[in-house]
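K.L.:
build me a structure from this.
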Amino acid sequence: MFGSTILDVVIGLSLIFLMLSLVASALREAVEAIVKSRAVQLERGIRMLLDDQTGKGLATTFYEHPLVCSLYPKEYNVKGWRFRGGNLPTYIPARNFALAMLDMAIRGSNVGPYAAQQTTPVLTLPALRASVHRIPSPFVQQAMLSAMDSAQGDVTRVQQNLEAWYDSAMDRVSGHYKRRTQLWLFVIGLGAAVALNVNTLTIADYLARNEQARTGLVNRAAAIRSDTFYRRLVGDSSIDQAAARAVYEDLQSLKLPIGWDRLPPAPKDAGTLYLLRTALGLLITALAVMLGAPFWFDLLNKFMVIRSTVKPKEKSPEEGSEDRAKGKSKGDTTREADIAAVASAAAAGVAADARAQPPLAVPPGAAPAIPEVEAPFIAHEWATGENPREGII
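P.N.:
Numbers count the residues shown, from 1 in each chain. Sure, this is the predicted structure:
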């Protein structure tokens, strides 16, 4: 039972972390709508890919190319460092990147508004090799030549190689964006933990002492596993404010010690150790929120599967066996009493018949003959099939 209690506490904490992570993700999306950090990270990745850290050379030509500038409004403003993405695109397809690079190589590139330097370019592999020097960066020239060398004379393969080069660079950009998102979630989670007083250690202690609260959280976790609303929120990267409000109201309905108005009374000897314990509980909550809602949803499912496997039954097998043994003994006693009654009635009937017959004539000197009394018929258990311990012949 002790292990079952710990498992229920862990399930309850996982459910709380899942709800807080969903609320934090909604707040993160609200910040993203203002900051547009995806566009910032994308521009930094493009600058690194095109060997233009300042953004005033090939990156500017790329962003002003018709295949790219059509993805965002207004003009491309060069900045040394950006905090907000502004009007820049948050996503550029790999095909647009590859075609823009091929076009800049065959037509030439210049700093400033896009202008075609050749009126009738021919997009062939020899033409690309002859005009790749128009790209101002030796690093990009080498990358494009490498894409041509492995294309086996096919221009389409060159385009595919450039797309693969772009995708690999964007994977690195995505990893950096995810790390920054985790940092944002940690900051938001810490702020929410302090503002709402979501202390992991306090909640764990409360659940360990309150069986009714543990049962309620486990039942709610079982319902959330199959809830399409929560499944959609976990699978969706963008959570609107209405959904976040619904999750927060669901969290408040659990009646847990969350909130400064529900803060348990501090011990009389509370001091530095109590303050450190409170800070540690809030920090654990922030670290848990940083892991994200998908992590806690998957972990919650695993814990629920484990609980359904190891949870002890309400009635132990020994008690059930004892009850069956008692019922069986009682039935055997009843059957034995019935058989004895039948035998006694049969014997009494034979004796009465014997008394009703006239006495037999016995020759002088002969011993009186003792009449043979036929034994009464008794139905055996193996013949009736009522005793499961003996087979039926």
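K.L.:
use CA for all of it now, contacts and neighbours both
P.N.:
OK.
K.L.:
skipping adjacent residues, who's closest to residue 238 in space?
P.N.:
Among residues not flanking residue 238 along the chain, residue 29 sits closest, at 6.3 Å (C-alpha to C-alpha, 6 or more residues apart in numbering).
K.L.:
I misspoke; the intended subject was residue 19.
P.N.:
In space, residue 19 is closest to residue 247, 6.2 Å off (C-alpha to C-alpha, 6+ apart).
K.L.:
tell me which stretches of the stretch 1-150 of the chain form helices.
P.N.:
Along the stretch 1-150 of the chain, counting by DSSP state H, counting those that start in this stretch, helices occupy 2-35, 37-49, 58-63, 66-69, 94-107, 125-131, 138-149.
K.L.:
can you list the ones you listed in a markdown table and add mean pLDDT and distance to residue 229?
P.N.:
Shown next, in a markdown table, are the helices of the stretch 1-150 of the chain (pLDDT from 0 to 100; distance: least, C-alpha to C-alpha, whole Å):
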| stretch | mean pLDDT | distance to residue 229 |
| --- | --- | --- |
| helix 2-35 | 88 | 12 |
| helix 37-49 | 90 | 27 |
| helix 58-63 | 90 | 40 |
| helix 66-69 | 90 | 37 |
| helix 94-107 | 90 | 33 |
| helix 125-131 | 85 | 53 |
| helix 138-149 | 91 | 46 |
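K.L.:
tabulate the ones you listed (a markdown table), appending distance to residue 309.
P.N.:
Shown next, in a markdown table, are the helices of the stretch 1-150 of the chain (distance: least, C-alpha to C-alpha, whole Å):
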| stretch | distance to residue 309 |
| --- | --- |
| helix 2-35 | 11 |
| helix 37-49 | 43 |
| helix 58-63 | 57 |
| helix 66-69 | 55 |
| helix 94-107 | 47 |
| helix 125-131 | 63 |
| helix 138-149 | 55 |
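K.L.:
shouldn't the residue nearest to residue 19 be in contact with residue 24?
P.N.:
No: with contacts counted by C-alpha atoms under 8 Å, residue 247 stays clear of residue 24, the gap being 10.8 Å.
K.L.:
neighbour-wise, which of these two wins?
P.N.:
residue 24 (27 against 20; other C-alpha atoms under 10 Å).
K.L.:
wait, what's in contact with that one?
P.N.:
185, 188-189, 192, 289 (C-alpha atoms under 8 Å, 6 or more residues apart in numbering).
K.L.:
among the residues you listed, who's most crowded?
P.N.:
Most neighbours among these, by other C-alpha under 10 Å: residue 289, with 31 neighbours.
K.L.:
from residue 191, how far out is it?
P.N.:
Separation of residue 289 from residue 191 (C-alpha to C-alpha, to the nearest Å) stands at 11 Å.
K.L.:
for residue 20, same thing?
P.N.:
Separation of residue 20 from residue 191 (C-alpha to C-alpha): 11 Å.
K.L.:
ok, now residue 199?
P.N.:
12 Å.
K.L.:
likewise for residue 59?
P.N.:
Residue 59 is 38 Å from residue 191, where distance means C-alpha to C-alpha.
K.L.:
about what we covered before: as TSV, the contacts of residue 24 with pLDDT would be great.
P.N.:
TSV is the format used below for those (pLDDT from 0 to 100):
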residue	pLDDT
185	92
188	93
189	93
192	91
289	94
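K.L.:
tell me the domain ranges of the protein?
P.N.:
If you go by automatic domain parsing, the domain ranges for the chain are 2-15+182-308, 34-177, 313-352+370-393.
K.L.:
weakest of these in terms of mean pLDDT?
P.N.:
Ranked by mean pLDDT, the domains of the chain bottom out at domain 313-352+370-393, with a mean of 49.
K.L.:
where along the stretch 151-300 of the chain do the helices fall?
P.N.:
Under DSSP H, counting those that start in this stretch, the stretch 151-300 of the chain gives helices at 155-196, 200-209, 211-225, 228-235, 241-252, 272-290, 293-310.
K.L.:
looking at the ones you listed, which is nearest to residue 83?
P.N.:
Closest approach to residue 83 among the helices of the stretch 151-300 of the chain (C-alpha to C-alpha): helix 155-196, 12.7 Å.
K.L.:
what's that closest one packed up against?
P.N.:
In this structure, helix 155-196 makes packing contacts with helix 2-35, helix 37-49, helix 94-107, helix 138-149, helix 272-290, judged by 3 or more C-alpha pairs under 8 Å, 6 or more residues apart in numbering; DSSP states H and E.
K.L.:
one more time with 6 Å, if that's ok
P.N.:
helix 94-107, helix 138-149, helix 272-290 (3 or more C-alpha pairs under 6 Å, 6 or more residues apart in numbering; DSSP states H and E).
K.L.:
what angle do that helix and helix 37-49 make?
P.N.:
Counting by axes from the mean of the first three to the mean of the last three C-alpha atoms, to 10 degrees, helix 155-196 lies at 140 degrees to helix 37-49.
K.L.:
how far is helix 155-196 from where the chain is centred?
P.N.:
Chain-centre distance of helix 155-196: 21 Å, with C-alpha atoms, centre = their mean, to the nearest Å.
K.L.:
circling back to that earlier point, compare residue 59 and residue 191 and say which is more crowded by neighbours.
P.N.:
Each of residue 59 and residue 191 has its neighbours counted (other C-alpha under 10 Å); residue 59 has more, 24 against 15.
K.L.:
outside of stretch 84-95, which residues touch it?
P.N.:
35-40, 72, 163 (C-alpha atoms under 6 Å, 6 or more residues apart in numbering).
K.L.:
buried subset of the residues you listed, written for ChimeraX?
P.N.:
The buried subset of the contacts of stretch 84-95, as determined by 16 or more other C-alpha atoms under 10 Å, is captured in ChimeraX by this line:
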select :35,36,37,38,39,40,163
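K.L.:
and of the contacts of stretch 84-95, the nearest to residue 97?
P.N.:
For the contacts of stretch 84-95, the nearest to residue 97 is residue 163 (7.1 Å; C-alpha to C-alpha).
K.L.:
excluding chain neighbours, what is closest to the closest one?
P.N.:
Nearest non-adjacent residue to residue 163 (C-alpha to C-alpha, 6+ apart): residue 94, at 5.1 Å.
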